[in-house]
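>>> for reference, the sequence and a predicted model appear below.
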Amino acid sequence: MNRPASIVLFEKLYIAVIVIGVIGVALSWNSLNAMAAAQPGVPASVGSGILVGALIFGFLIPLLLLYFIARRASNVAKWIFVVLTAFSLYSFISTLSNPLMPKGLLLVVNLVSLVLTLYCAWLLFRPDAKAWLESKGGDVRSDTTTLE
């Protein structure tokens, strides 16, 4: 299976997005844990367990999308990724005016993650990636072998 340059770059950049997400969680861990512990009627240990479970689930989805797009050439996964990216963009823009929105380094981390995710989505619509995804990962002759 010979993957086109756009798909290879998508895979590398989306791995970077996932790593940046881990960094973002690490930077906001104390506030996330405090919010989980502050839930009424939920013991602190249960709140922390739910938080860890949610984070694992939250990182499992991008890993599955990465696998199905970059390795299995799934158009369905591509469109799920695109829809989730659109939701991320809307969410980021709509919370910019929120005074509770993280500021400083965490805002920069979120912005970098969003920009890279948007670029990843754009890569999936390049001619070489489209042809490869439509062929279900088969070899496709394309004039677009490098990213310009």
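Here it is on my side, so go on.

>>> going forward, measure contacts between C-alpha atoms and count neighbours the same way
OK.

>>> so which elements touch the helix-or-strand element of the chain with minimal mean pLDDT?
Lowest on mean pLDDT, DSSP states H and E among the helices and strands of the chain sits helix 29-37, with a mean of 74. Under the contact criterion of 3 or more CA pairs under 8 Å, 6 or more residues apart in numbering; DSSP states H and E, helix 29-37 touches helix 44-70.

>>> what mean pLDDT does the helix it packs on get?
For helix 44-70, mean pLDDT is 85.

>>> what about the least confident helix or strand of the chain, distance to the chain center?
The gap between the average C-alpha position of helix 29-37 and the chain average comes to 22 Å, counting by CA atoms, centre = their mean, to the nearest Å.

>>> could you verify my assumption that F59 touches V19?
No. Taking CA atoms under 8 Å as the definition, F59 is not a contact partner of V19, at 9.8 Å.

>>> quick one: Y14 from L111, how far?
14 Å (CA to CA, to the nearest Å).

>>> same question, T85
Distance of T85 to L111, given as CA to CA: 13 Å.

>>> how about L100?
For L100, the distance to L111 - CA to CA - is 16 Å.

>>> compare the two (neighbour count), which wins?
Between L100 and L111, counting by other CA atoms under 10 Å, L111 is the more crowded of the two (14 against 8).

>>> show me what counts as buried in the host helix or strand of that one.
In this structure, L111 sits in helix 105-123 according to DSSP states H and E. By neighbour count on 16 or more other CA atoms under 10 Å, the buried set for helix 105-123 is 106, 109-110, 113-114, 116-118, 120-121, 123.
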